[in-house]
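**Q** have a look at this fold, sequence not included:
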């Protein structure tokens with residue numbers, strides 16, 4: 001019977017729902033309480049981190065609570081996460097504002113109380129790869145059968161996006177009405193406009209990697225392969241040796257993998273002063289600021305990076321397979337703000353020619369950001385709860 005497959009989901013939903021209902025009976029909503037929750041990271045970072053810092057400036061009297069825990073897919077890890085979700089039910093039941101940046105199971109297992117806001121600060125900017133309810137019955141997305149037991153991306157009272165133009169795509173992905181989606185910007189991109197922070201960053205980076213000073217830095221940031229926390233195998237479509245031979249020692253490549261991807265990337269000794277796997281110490285926003293150009297496959301970091309108006313290129317060897325697995329909201333080949341390569345040699349030729357079409361990058365930026373002023377966090381906090389100063 002199909003229902004047996006979904007028994008763990010049904011059990012988890014029931015447990016979270018019971019805990020939420022009990023907390024709703026015994027506790028009132030705390031009008032001063034804001035909870036930040038994510039299973040993308042163990043620490044406050046990204047969109048949630050920037051909104052929290054702005055909240056401290058605008059509303060220092062608010063009581064902030066944090067629920068950050070990555071799911072480990074072992075049996076013990078799943079049991080531990082179930083306990084975490086029951087704990088999250090209490091905060092969900094008693095918070096005036098509950099802010100998330102990704103899929104968050106407890107939100108979908110309950111019926112929200114009147115007088116609370118569940119706000120989705122989605123971790124990706126713009127609209128590129130299909131996600132959420134746009135991927136139903138695709139290999140990447142939820143099945144119609146699964147949605148009978150847990151309706152993912154339900155119960156958001158508000159969602160924040162980067163531009164007016166992407167509202168219809170988020171409405172589809174989240175099953176929301178368009179008037180509940182607000183184009184106020186992407187909080188973490190405020191960092192791109194903080195020149196003082198950039199000076200401190202560069203000093204710290206070159207103290208850590210002194211051999212990279214003066215080199216042209218290419219950031220390679222591929223997207224995640226797999227479903228939820230279950231990563232499929234991934235081999236770099238880049239030939240690091242060929243890249244090194246063609247670009248020489250004036251260049252270096254910084255490799256940053258998606259937070260859900262396994263970090264077991266091996267770089268050969270002869271390329272160790274050309275290719276650097278950055279697996280801690282510097283986050284993706286910092287690496288974007290430090291780099292001179294971006295190289296990716298299908299990652300939505302292209303939206304963030306377009307704010308810097310620097311060259312962007314794409315390389316992958318599985319485009320057709322990826323379309324079948326997940327697909328895009330727009331035709332990939334004509335949508336992207338830079339050239340697409342299927343082999344390293346062609347990429348090297350493009351880099352060496354330095355014929356970069358930055359006007360295309362700027363047009364892409366203007367299409368997917370209503371604002372590029374470093375004030376997204378301010379607008380969001382002001383929109384949610386007003387400014388006390």
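**A** Yep, it's here. Since this is a predicted model, take the numbers as computed values, not measurements.

**Q** where along the protein do the strands fall?
**A** In the chain, the strands defined using DSSP state E lie at 30-38, 63-68, 95-100, 117-120, 158-160, 181-182, 216-220, 226-227, 230-231, 251-255, 275-277, 293-296, 312-315, 340-341.

**Q** what distance do you get for residue 206 to residue 22?
**A** As defined by Cβ to Cβ, to the nearest Å, residue 206 lies at a distance of 54 Å from residue 22. Heads up, the C-betas are built off the backbone N, CA and C, glycines and all.

**Q** wait, residue 163
**A** 41 Å.

**Q** ok, the two, which is more surrounded?
**A** residue 163 (21 against 13; other Cβ atoms under 10 Å).

**Q** need the per-residue pLDDT for that one.
**A** At residue 163, the pLDDT value in this model is 97.

**Q** compute the number of surrounding residues for the closest residue to it other than its chain neighbours.
**A** Leaving out its chain neighbours, the residue that sits closest to residue 163 by Cβ to Cβ, 6 or more residues apart in numbering is residue 370, at 4.7 Å. Residues lying near residue 370 (other Cβ under 10 Å) number 18.

**Q** for residue 334, see how far away residue 370 is.
**A** 23 Å.

**Q** got it, and residue 97?
**A** Separation of residue 97 from residue 334 (Cβ to Cβ): 40 Å.

**Q** these two: which has the busier surroundings?
**A** Taking neighbours as other Cβ under 10 Å, residue 97 and residue 334 compare with residue 97 leading, 23 against 6.

**Q** now do the same contact list for the more buried one.
**A** Residues near residue 97 by Cβ atoms under 8 Å, 6 or more residues apart in numbering: 33-35, 116-117, 119, 384-385.

**Q** mark which of those are buried, thanks.
**A** Buried members of the contacts of residue 97, counted by 16 or more other Cβ atoms under 10 Å: 33-35, 116-117, 119, 384-385.

**Q** circling back to that earlier point, so which of the strands of the chain is nearest residue 326?
**A** In terms of Cβ to Cβ, the element of the strands of the chain nearest to residue 326 is strand 226-227, at 9.7 Å.

**Q** quick one: mean pLDDT for that closest one?
**A** On average, strand 226-227 scores 50.

**Q** the spatially closest residue to residue 42 that is not a sequence neighbour pairs with what?
**A** Closest residue to residue 42 apart from its sequence neighbours, by Cβ to Cβ, 6+ apart: residue 68 at 5.4 Å. The partner list for residue 68 in beta bridges (DSSP bridges) reads residue 38.

**Q** burial count for residue 68?
**A** 16.

**Q** could you do residue 320 as well?
**A** For residue 320, the neighbour count with other Cβ under 10 Å is 8.

**Q** distance of the residue nearest to residue 42 relative to residue 110?
**A** 20 Å.

**Q** for residue 81, see how far away the residue nearest to residue 37 when sequence neighbours are not counted is.
**A** In this structure, residue 37 finds its nearest non-sequential neighbour in residue 67, 3.9 Å apart by Cβ to Cβ, 6+ apart. Using Cβ to Cβ, we find residue 67 at a distance of 11 Å from residue 81.

**Q** swap in residue 73?
**A** From residue 73 to residue 81 the distance is 9 Å (Cβ to Cβ).

**Q** same check, this time on residue 127
**A** According to Cβ to Cβ, residue 127 stands 29 Å off from residue 81.

**Q** who's more crowded, the two?
**A** residue 127 (26 against 20).

**Q** my guess is the more buried one contacts residue 169. True?
**A** Yes. Proximity of residue 127 to residue 169 meets the contact threshold set by Cβ atoms under 8 Å, at 4.0 Å.

**Q** can you list the weak-confidence ranges in the stretch 101-250 of the chain?
**A** 224-235 (pLDDT under 70).

**Q** hmm, 50 instead?
**A** For the stretch 101-250 of the chain, residues meeting the criterion pLDDT under 50 lie at 227-228, 230.

**Q** centre-most residue in this protein?
**A** residue 123 (3.2 Å; Cα atoms, centre = their mean).

**Q** residues in contact with residue 373?
**A** For residue 373, the contacting residues are residue 193, by Cβ under 8 Å, 6+ apart.

**Q** quick one, what contacts residue 364?
**A** Here residue 364 is in contact with 302, 306, 337 (Cβ under 8 Å, 6+ apart).

**Q** before we move on, what's the pLDDT of residue 72?
**A** For residue 72, the pLDDT comes out at 85.

**Q** what's around it, how many residues?
**A** The tally of other residues near residue 72 (other Cβ under 10 Å) stands at 13.

**Q** do you know how far it is from residue 218?
**A** Counting by Cβ to Cβ - residue 72 and residue 218 are separated by 33 Å.

**Q** one more: residue 43?
**A** From residue 43 to residue 218 the distance is 27 Å (Cβ to Cβ).

**Q** between those two, who's got more neighbours?
**A** Taking other Cβ under 10 Å, residue 43 and residue 218 do not tie; residue 218 has more neighbours (23 against 10).

**Q** which non-adjacent residue is nearest that one?
**A** Residue 218 sits nearest to residue 253 (Cβ to Cβ, 6+ apart), 4.6 Å away.

**Q** any idea how far that neighbour is from residue 9?
**A** Distance, residue 253 to residue 9, using Cβ to Cβ: 41 Å.

**Q** settle it for me: which of these two has more neighbours?
**A** More crowded of residue 253 and residue 9, by other Cβ under 10 Å: residue 253, with 23 against 14.

**Q** show me the protein divided up by domain.
**A** The chain is divided into the following domains under automatic domain parsing: 2-189+374-385, 195-368.

**Q** which of those is buried the deepest?
**A** When neighbours are counted by mean count of other Cβ atoms under 10 Å, the highest per-stretch mean among the domains of the chain falls to domain 2-189+374-385, a mean of 18.

**Q** could I get the contacting residues of residue 141?
**A** Here residue 141 is in contact with 130-135, 326 (Cβ under 8 Å, 6+ apart).

**Q** hmm, 6 Å instead?
**A** residue 135 (Cβ atoms under 6 Å, 6 or more residues apart in numbering).

**Q** phi and psi next, for it.
**A** Torsion angles at residue 141 (phi, psi; degrees, to the nearest 10) stand at phi -100, psi -180.
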